[in-house]
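J.: sequence first, predicted model second:
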Amino acid sequence: MVRRAVRTADREAEINRARQDFLDALPVAAAVVCLDGDGTRVQVANDGYGALSRAGHGPSFIEASGLPARIAAFLRAQTAESVFEVDDGQGVAPRVFSVRMTRMRAWPALGARALVTLLERTAEVETEKSLRAEMVRDSLTGLANRTAFNEAVEAVLDDPAFQPGSHAVLVLDITRFSRVNECVGALAGDELLLTFARRLCSAVRAHDLLARTGGNEFALLMRLDRGLEEALSAAERIRAALGAPFRLSELEIRVDCAMGCALLGGGETLAAEVLRNAQFALKRAKGSGRVRIYEPKQARAARRRFSIETALRRAIEAGELRLAFQPIIALGTGAVAGFEALSRWDRGEEGEISPGEFIPVAEESGLIVPLGRWALETALATLAGWDRAAGRVLPLTVNVNLSPIQVVQDDVAAFAASALARHGLAGERLTLELTESAIIRDPPMAMKVIETLKAFGVRVAVDDFGTGYTSLAYLQRLPIDVLKIDRSFVSGMVDDEDSVAIVRAILSLSAALGMETTAEGIDTPKLASALKALGCSHGQGFHFAAPLSAADALDYWLARRA
Ligand code: C2E
Ligand code: MG
Ligand code: MG
C-alpha cells in the first residue's frame, strides 16, 4: 500500500515536471489555471507567467490587468476559447498583452482548467499608435488634421449623452492666402501658416480641438456651455489674436480671415456634413469680415422673420415704406380706371423686400394694423394730391388692400371714413380689396364691415378670387362690387383649357351677380384681347404697366387720357 502511494506521488511529481517542461518550452508566458473557491489558482506556470505575477513597486501585471477575474468568468462559462487584449492601465505607455484562454479537458478529479497564454504586444501597439498619430497629425503645424477632426466630431455626434447645440464647429481661413503665397514664396507661406496656427492655439481653450483641415483652412471643435454666444466670443478672441501683423523674415504682413460657424445637432449624422455647413457659412462670411453662423432652414427662416419684424416696426415709424401704383385698365376702352396701391419697402443695403414676404410678417405680429392705416392714408393722400395738381376731381379711383387681420383687429370702416374726410374725397373714389379668407374668417364681422363701408360709398373688391373658398351664398348676400380673378388662372389661360373654363365661369358668375371683374396678371397683349373678348371688364398686369411711383402713375394716366 505504502509503496503504491509513494509511486503515485512520484508519478504526479513526474507529470507535474512534464507539464512544467511543456510550459517552459513555450515562447510565451503561460499557465494552467483552475477555479479555487471564488477565485482562481495557478496549477503550473512558466517563468514568463511567473514574472508577470510578481509584484514590483505596485501590483503585478496580472493583478493590475484584472486578468484573474476574467479567467474565473471564462472557466465558469462554457466557451472553448477566448482571445483578447489587456493592459496594465498605466497611463500613456501601458504594457499590452494579447491573452488567449483555452479550455482544457475537465478530468473529474481536476475540474475546470484553462491554459492561459500572454503574448506581449507593447512595442507593436506603440508603433501603431505613433503611426496613427502621424496619420491624424498635420505635419507642418503639428495640429490635428482633417481625419482627426472628423473623428472627434463623429465621437461627439455618436455620444449617447450628446445634446443638440452643445457643440459648435468654427472654420476659418486666411483671406487671399494664395496671393500671399505667390508674393512671398512657398517657404514664407509655410512660415505664415505656422505662425498663424500658433496664434490660433493661444486663442483657443485647452479643451477645444484645433485642426488644420485644408491648405489654409483651420477648424475648431468647441464645447458650448452657454450656447452660441460662446462660439461668437471665441471668434472674437481669434480675431483679436490675428489682428497684429505677421513678421515673416524681412516682411511684415497683415492677414484677414473669414469665419463660419455651425452648431452640431441640426440633424446631421456625419462629421463631414458639419464641416460642410461651417464651410458654407464661411463662404458667406467672406467679404463681410464677420463670422457667419450656419443655421438649419427653419431656424434661419424664423430669424429672418424676426429681423424683418424688428426692422419693419422701425420702418413704419420712420416712414420708410412707399406705395407703388399699378394701373387698372378698362378693357373695353383702354382707359385707366384707377390704380391699385401696393406697399413697397426698400431696406437700403439689403435691397427691396417683397410684400409677399413682409405682409405675412406684419400680419403675424399685428404690425399690419399700423401698416394698413398708413397704406390707406397714403393712397388717399396721393389721390387727393393728383386732384389738386390737376385742379379738378379726376375720374380715377384707388384700390387699397385690406388684410383679414385688419378686419378683425381694427375698426377699418371708421378709419376709412375719417381718412376720406381728411382728404376731402368721396367714398366712391376708394375700393378696398379683401381676400376671400377675410370673409371666411368671420363672415358676420366681414358682413358688418362691408355694409358700413358701403354706407360711405366705398367700393369693395374680392382679391385673388378663385383661390379661396368663398361660398356662393356669401357672394350673393354681400354687397361686393368687383371680383379680381387671380393671376394663376389668367396666366394659366395660355396653355390650360381648365383655366379658360374657370375664367369663363367667374365671368358669368359676376355678370349674374351684377359685379365687375378685374383680371390680374395680364402680361401679354394676347391675354388682354382674350379677356376682353370673354367680356372681362377690367385688367391689370405688366402688359399695361408694372406698379409705378405716384408721379409716374399720374404721368401714365395723363398720357393715356381719352
Ligand atoms: P395683390 O393684391 O394680388 O397684388 C397684385 C400683385 O401682383 C402685386 O404684387 C403686383 O405687383 C403683381 N402683379 C401685377 N401684375 C403682374 C403681372 O403681370 N405679372 C406678375 N407676375 N405679377 C403681377 P406685389 O406688389 O408683390 O404684392 C403682393 C401681394 O402683397 C399683393 O397681392 C397683396 O396681397 C399684398 N400687399 C401688397 N401691399 C399691401 C398692403 O399695403 N396691404 C396689404 N394688406 N397687402 C398688401
Ligand atoms: Mg390686391
Ligand atoms: Mg390679387
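T.: Here it is on my side, so go on. Ligands and ions are numbered 1, 2, ... in the order given.

J.: contacts for stretch 424-433 next, please.
T.: The contact list for stretch 424-433, computed with C-beta atoms under 8 Å, 6 or more residues apart in numbering, reads 338, 340, 379-380, 383-384, 387, 396-402, 412, 416-417, 420, 453, 456-463, 481-482, 484. In short, each C-beta sits where N, CA and C put it, glycine included.

J.: contacting residues around Gly457?
T.: Gly457 sits next to Ala426, Gly427, Glu428 when contact means C-beta under 8 Å, 6+ apart.

J.: let's verify Gln90: helix, strand, or coil?
T.: Following DSSP: H, G, I helix; E, B strand; the rest coil, Gln90 is assigned to coil.

J.: OK, contacts around Ala152?
T.: When contacts are counted by C-beta under 8 Å, 6+ apart, Ala152 touches Ala144, Leu209, Ala211, Leu221, Ala271.

J.: wait, is the third one part of a helix?
T.: No - with three-state DSSP as the criterion, Ala211 is located in strand rather than a helix.

J.: for this structure, which residues are neighbours of ligand 1?
T.: Residues of the chain lying near ligand 1 by C-beta under 6 Å from any ligand atom: 326, 342-343, 354-356, 359, 372, 375, 401-403, 433, 463-464, 487, 520-521, 523, 540-542, 547.

J.: ChimeraX command for the buried members of these?
T.: A single ChimeraX command selects the buried members of the residues of the chain next to ligand 1 (16 or more other C-beta atoms under 10 Å):
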select :326,342,343,355,359,372,375,401,402,403,433,463,464,487,520,521,523,540,541,547
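
J.: filter the residues of the chain next to ligand 1 by proximity to ligand 2?
T.: Asn401, Glu433, Asp463 (C-beta under 5 Å from the ion).

J.: low-confidence regions, this protein specifically.
T.: 1-6, 266, 287-289, 295-300, 302, 562 (pLDDT under 70).

J.: outline the domain layout of it.
T.: Following automatic domain parsing, one gets these domains for the chain: 2-126, 136-294, 317-561.

J.: so which elements touch the helix or strand where Val180 lies?
T.: Using DSSP states H and E, Val180 maps to helix 177-184. Packing partners of helix 177-184 (3 or more C-beta pairs under 8 Å, 6 or more residues apart in numbering; DSSP states H and E): helix 186-203, strand 251-253.

J.: now the longest one against helix 177-184, angle please.
T.: Orientation note: helix 186-203 sits at an angle of 130 degrees relative to helix 177-184 (axes from the mean of the first three to the mean of the last three C-alpha atoms, to 10 degrees).

J.: what comes into contact with helix 186-203?
T.: By C-beta under 8 Å, 6+ apart, helix 186-203 touches 140-143, 174, 177, 180-181, 184, 210, 212, 216, 218, 220, 234, 237-238, 240-242, 246-249, 251, 253, 255.

J.: so which of the residues you listed are in helices?
T.: Phe177, Val180, Asn181, Val184, Ala234, Arg237, Ile238, Ala240, Ala241, Leu242 (DSSP state H).

J.: would you mind checking these for buried ones?
T.: Buried members of the ones in helices among the contacts of helix 186-203, counted by 16+ other C-beta under 10 Å: Phe177, Val180, Asn181, Val184, Ala234, Ile238, Ala241, Leu242.

J.: enumerate every residue touching the second one.
T.: In this case it means Val180. Listed by C-beta under 8 Å, 6+ apart, the contact set of Val180 reads Ile174, Gly189, Leu192, Ile253, Val255.

J.: hang on, the earlier thing: can I get the contacts of Ala152 in JSON lines with distance to Arg103 and neighbour count?
T.: Formatted as JSON lines, the contacts of Ala152 follow (distance: C-beta to C-beta, whole Å; neighbours: other C-beta atoms under 10 Å):
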{"residue": "Ala144", "distance to Arg103": "44", "neighbour count": "22"}
{"residue": "Leu209", "distance to Arg103": "45", "neighbour count": "19"}
{"residue": "Ala211", "distance to Arg103": "47", "neighbour count": "28"}
{"residue": "Leu221", "distance to Arg103": "46", "neighbour count": "25"}
{"residue": "Ala271", "distance to Arg103": "43", "neighbour count": "23"}
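
J.: contact partners for Arg284?
T.: Arg284 touches Gly260, Arg292, counting by C-beta under 8 Å, 6+ apart.

J.: so is Gln406 in a helix, a strand, or just coil?
T.: Under the three-state scheme (three-state DSSP), Gln406 adopts helix.

J.: what residues sit buried inside the helix or strand containing Ala381?
T.: According to DSSP H and E, Ala381 maps onto helix 368-390. When neighbours are counted by 16+ other C-beta under 10 Å, the buried residues of helix 368-390 are found to be 368-369, 371-373, 375-384, 386-387.

J.: cool, and stretch 80-88?
T.: For stretch 80-88, by 16+ other C-beta under 10 Å, it's Ser82, Val86, Asp87, Asp88.

J.: what segments of the stretch 251-400 of the chain are helices?
T.: For the stretch 251-400 of the chain, the helices defined by DSSP state H, counting those that start in this stretch occupy 271-285, 297-317, 355-365, 368-390.

J.: can I get those in JSON lines with distance to Gly227?
T.: Below are these laid out as JSON lines (distance: least, C-beta to C-beta, whole Å):
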{"stretch": "helix 271-285", "distance to Gly227": "17"}
{"stretch": "helix 297-317", "distance to Gly227": "13"}
{"stretch": "helix 355-365", "distance to Gly227": "25"}
{"stretch": "helix 368-390", "distance to Gly227": "32"}
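
J.: any chance of those helices in JSON lines, plus distance to ligand 3?
T.: Shown next, in JSON lines, are these (distance: least, C-beta to the ion, whole Å):
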{"stretch": "helix 271-285", "distance to ligand 3": "34"}
{"stretch": "helix 297-317", "distance to ligand 3": "21"}
{"stretch": "helix 355-365", "distance to ligand 3": "11"}
{"stretch": "helix 368-390", "distance to ligand 3": "15"}
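
J.: the residue nearest to Arg313 when sequence neighbours are not counted: neighbour count?
T.: What sits nearest to Arg313 in space, not counting adjacent residues and going by C-beta to C-beta, 6 or more residues apart in numbering, is Leu367, at 6.0 Å. Leu367 has 20 neighbours, counted by other C-beta atoms under 10 Å.

J.: how near is Leu367 to Gln406?
T.: Going from Leu367 to Gln406 by C-beta to C-beta, to the nearest Å gives 11 Å.

J.: you'd agree Ser510 is up against Arg504?
T.: No - using C-beta atoms under 8 Å, Ser510 is not in contact with Arg504; the gap is 11.1 Å.

J.: compare the two (neighbour count), which wins?
T.: Neighbour totals were compared for Ser510 and Arg504, and Ser510 leads with 24 against 14 (other C-beta under 10 Å).

J.: how about the more buried one, what does it touch?
T.: Counting by C-beta under 8 Å, 6+ apart, Ser510 has contacts Leu483, Glu516, Thr517.

J.: is the residue of the stretch 201-350 of the chain found nearest ligand 2 bridged to anything, and to what?
T.: For the stretch 201-350 of the chain, the residue closest to ligand 2 is Glu340, as judged by C-beta to the ion, at 5.6 Å. Judged by DSSP bridges, the bridge partners of Glu340 are Gln326, Asn399.
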